[in-house]
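**Q** What shape does this take:
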Amino acid sequence: MPKPRFLIALCLTLLTACAMPLTWADETTAPRPDQWAQPINEHYNLYQMSPTLYRSALPDEAANPLLDELHIGTVINFLPESDDTWLKTSAIKTVQLPYRTNHVDDADVLAALRAIQTAQAHGPVLMHCKHGVDRTGLIAAMYRVVVQDWSKEDALQEMIQGGYGENSHFKDGVSYMMNADIPQLRTALSSGACSTSSFASCALVGWFKPS
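**A** The predicted model follows:
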């Protein structure tokens, strides 16, 4: 018999394929839940998730005054390309953590969540990818679940139906989230472990470092 997790993931994947073209229209006809990220700037697909966390598409040079207005202290970039081409102030720290949703693992998620938490101690954080949808959306959803203690279902509903845009890679994020062991991720995040597995490549590298 199929496992309940698999059935839920399958249903959510089908929901993604069917509901995404209606996302922007639904947002204009139904009240947006207060707990969801709130829109700040449509051009940059910029939303505020909390007083110290924002998500967006790839900014450009014209976004610098906006980041200053929001008092952004750190920009976390999930793309392989640097932010140096558009970010024109040394007052904002940059963190680059490129990954792909179709190859994401616990180490990628932990690195992102740890970077967010570390940066939040020094001011508001903006995380982004190219469109602010799949890579940023998955980390936003994992932040909701692992750090803010949301249910997977609530976080996935915000990720898919939150009006951030349409992307064919949502199914990869859904698959990863539904199989993620949240208690193990929380334990690893609090302990400083790079992954939930001691045999992960990031953990194995540590074995060969001189003590």
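**Q** where does this protein dip in pLDDT?
**A** The chain contains residues with pLDDT under 70 at 1-29, 205-211.
**Q** Show me where it has its strands.
**A** Using DSSP state E, the strands of the chain run over residues 38-41, 46-50, 53-56, 74-77, 93-96, 125-128.
**Q** Identify all contacting residues around the fourth one.
**A** Which is strand 74-77. The contact list for strand 74-77, computed with C-beta atoms under 8 Å, 6 or more residues apart in numbering, reads 59, 67, 83, 87, 92-98, 112, 115-116, 119, 122-123, 125-129. All C-beta spots, glycine's among them, are computed from the backbone N, C-alpha and C.
**Q** so what's the spatially most central residue of the chain closest to, chain neighbours aside?
**A** Residue closest to the mean C-alpha point of the chain, counted by C-alpha atoms, centre = their mean, is I139 at 2.0 Å. The shortest distance from I139 to any non-neighbouring residue, by C-beta to C-beta, 6 or more residues apart in numbering, is to A112 (4.7 Å).
**Q** Equivalent analysis for S82, please.
**A** Excluding the flanking residues, the one nearest S82 by C-beta to C-beta, 6+ apart is Q96, at 6.5 Å.
**Q** burial of that neighbour, as a residue count?
**A** Q96 is flanked by 15 other residues according to other C-beta atoms under 10 Å.
**Q** distance of it from T74?
**A** Distance of Q96 to T74, given as C-beta to C-beta, to the nearest Å: 11 Å.
**Q** One more: H43?
**A** Applying C-beta to C-beta to H43 and T74 gives a distance of 22 Å.
**Q** Look at these two and report which has more neighbours.
**A** Ranked by neighbour count (other C-beta under 10 Å), H43 and T74 place T74 first, with 21 against 12.
**Q** Now that one: closest residue in space, sequence neighbours ignored.
**A** Using C-beta to C-beta, 6+ apart and skipping residues adjacent in sequence, the residue nearest T74 is A119, 3.6 Å away.
**Q** Flag every buried residue along stretch 71-88.
**A** Neighbour-count burial for stretch 71-88, counted by 16 or more other C-beta atoms under 10 Å, picks out I72, G73, T74, V75, I76, N77, F78, L79, D83, L87.
**Q** Now for those: which two are most distant?
**A** Greatest spacing in the buried residues of stretch 71-88, by C-beta to C-beta: G73 and L79 (19.7 Å).
**Q** for this structure, what spans make up the helices?
**A** For the chain, the helices defined by DSSP state H occupy 4-19, 23-29, 64-69, 106-120, 135-142, 152-161, 170-179, 182-191, 201-207.
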